[in-house]
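Visitor: Provided below are the primary sequence and the corresponding predicted coordinates.
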Amino acid sequence: MLPTLLIVEDERATREGLRSALEDEFEVYTASGTSEALTILKSEPIQLLLTDLRLGGDSGMDLLDHALAMPQPPVAIMMTAYGSVDTAVEAMRRGAWHFVTKPLNLDEVEMQLKRALRSQALETENQQLVQQVKKSHKLDRLIGKSPAIERVAELVQQVAPTRATVLIEGESGTGKEVVAHTLHHLSGRPTAKMVIVNCAALSPQLLESELFGHEKGAFTGASQRRIGRFEQADGGTLFLDEIGEIDAATQVKLLRVLSERSLERVGSNSPIKVDVRVIAATNKSLKELVSRGSFREDLYFRLNGVKIEMPPLRDRREDIVLLAGSFLTEFAKENDRPVKPLSDSAMQSLLAYSWPGNVRELRTAIEHGVVMSNSNTIEVWHLPQFLQSQEQSPTSTAMAPKNTLAAASEFNLNALETKTIRAALALARGNRTHASELLGLSRRTLQRKLKDLGI
């Protein structure tokens, strides 16, 4: 398919001459004035605009302004018989890509049009790459290459730009708040506020006031008006953590806000409109709470616009090495210490443990190891006490959970290391220095393992 070109020229002979010269290389549209040109620009996907500066009683500069203000503006080149430095500068300042003078050199015009087209393609590609990089950076807190966490990442990217209410369910420590922050940053309104409320940390009376605000004198101790978290989050995101803990009365008011997008402060009958994207999280099954009668079914349906289920760490053990490597780098920097690798025995302890506290527990264990290590590596005895009995042995192998990757091959560390190193290299896009940092290894150690494992 040929690129589309709109030629705007009030002199018929010049207009038709340009059409004849360029129609082999471009799909050419022509117009004699601004009104006709704007009609074509609004109805056709024009990529290139070649317009005269003077169009009878119209101005090519005005046409340029209108064209460049369109949602998908063309690349514009101005032509004029009244060429001057001032005119050229003004056209470029307004956004013209180039400027040619009459009498026209048709070869030069064609060359400039093709250059403009290449420039447009490169700019589009660059914008796409920038968006991909931004998206990648915003997803970089969802660390892992396991199928379970990749499904979460795909769902986050799909749902984030929408206005859908999101319910995140998962055990404590699985990273529900990380997902909530990622949803907010990819939402299209990342500069707006993200307000967080831990529903389990407040009494029912305090939670109602915290969420919806109150008027002065609404209750004993209400000495002044208070703006609630919904109003604070207007235009942004409200994250309701531990949503399963809210009482029945607050559930009723929350349902009304979600349904009507308006609220009333405690002690007031005046509705206040709010534009808030709600993300809720719970370490319980809201569906089970509904079946037990402790959570409203209609509120559950409102919250469950899209459900994201966070996998426990025991179901994504192949991510432990990547997570550990990331935490090693984080805490080394935070404590002004060199990044030290985990010894093989320390890594075996991490892989053998069941992690009931999930990623949060792993993070705390790595911080302990970074702080306690006084050697060139982090050894088992630098880790918390509960991990010091997790080293691999025939006994510990028999006791290890059956769903671990290692148990499937009786802790075949070569197979596990190979898979983990390949995942780290993929995440680092082949950069061995970056991969070694993710793995918590020195570059030399990584090189040796690559050779030993035949990677």
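Guide: The structure has been received and is ready for your questions.

Visitor: part of a helix, is Met78?
Guide: No: read with DSSP: H, G, I helix; E, B strand; the rest coil, Met78 is strand and lies in no helix.

Visitor: That one and Ala96, how far apart?
Guide: With the distance defined as Cβ to Cβ, to the nearest Å, Met78 ends up 5 Å from Ala96. The C-beta positions use only the backbone N, C-alpha and C, and glycine is treated the same way.

Visitor: Common neighbours of these two, please.
Guide: Residues touching both Met78 and Ala96 by Cβ atoms under 8 Å, 6 or more residues apart in numbering: Leu64.

Visitor: of the two, who's got more company?
Guide: Per other Cβ atoms under 10 Å, whichever of Met78 and Ala96 has more neighbours is Met78, with 26 against 23.

Visitor: just checking, the more buried one touches Leu64?
Guide: Yes: contact between Met78 and Leu64 holds when scored by Cβ atoms under 8 Å: they sit 7.0 Å apart.

Visitor: anything in contact with each of the two?
Guide: 51, 91, 96.

Visitor: hang on, isn't Gly188 packed against Val159?
Guide: No: with contact defined as Cβ under 8 Å, Gly188 does not count as touching Val159 (11.9 Å).

Visitor: who has more neighbours, these two?
Guide: Between Gly188 and Val159, Val159 has the larger neighbour count (other Cβ under 10 Å), namely 20 against 12.

Visitor: Without its sequence neighbours, what residue ends up closest to the more buried one?
Guide: Ranked by Cβ to Cβ, 6 or more residues apart in numbering and with sequence neighbours excluded, the top spatial neighbour of Val159 is Val306, at 5.0 Å.

Visitor: Write down the beta-bridge partners of that neighbour, one by one.
Guide: Taking DSSP bridges as the rule, Val306 bridges to Val166.

Visitor: Can you give me the neighbour number for it?
Guide: Neighbours around Val306, by other Cβ under 10 Å: 17.

Visitor: Ser270 too?
Guide: So Ser270, with other Cβ under 10 Å, has 9 neighbours.

Visitor: And the closest residue to Glu264 other than its chain neighbours, how far from Arg226?
Guide: Distances taken as Cβ to Cβ, 6+ apart put Pro271 closest to Glu264, at 5.8 Å, once the chain neighbours are dropped. To Arg226, Pro271 is 17 Å away according to Cβ to Cβ.

Visitor: Pick out whichever of the two has more residues nearby.
Guide: Higher neighbour count among Pro271 and Arg226: Arg226, with 17 against 13, using other Cβ under 10 Å.

Visitor: got the buried residues for stretch 333-350?
Guide: Neighbour-count burial for stretch 333-350, counted by 16 or more other Cβ atoms under 10 Å, picks out 339-343, 345-350.

Visitor: Please measure how far the first residue of that stretch sits from its last one.
Guide: Using Cα to Cα, to the nearest Å, the end-to-end distance of stretch 333-350 comes out at 22 Å.

Visitor: Do you have the helices of the stretch 101-250 of the chain handy? List them.
Guide: 106-138, 147-159, 176-185, 204-212, 229-232, 248-260 (DSSP state H, counting those that start in this stretch).

Visitor: what helix or strand does Ala281 sit in?
Guide: Using DSSP states H and E, Ala281 sits within strand 277-282.

Visitor: Could you point out the helix or strand that follows that strand?
Guide: helix 286-291.
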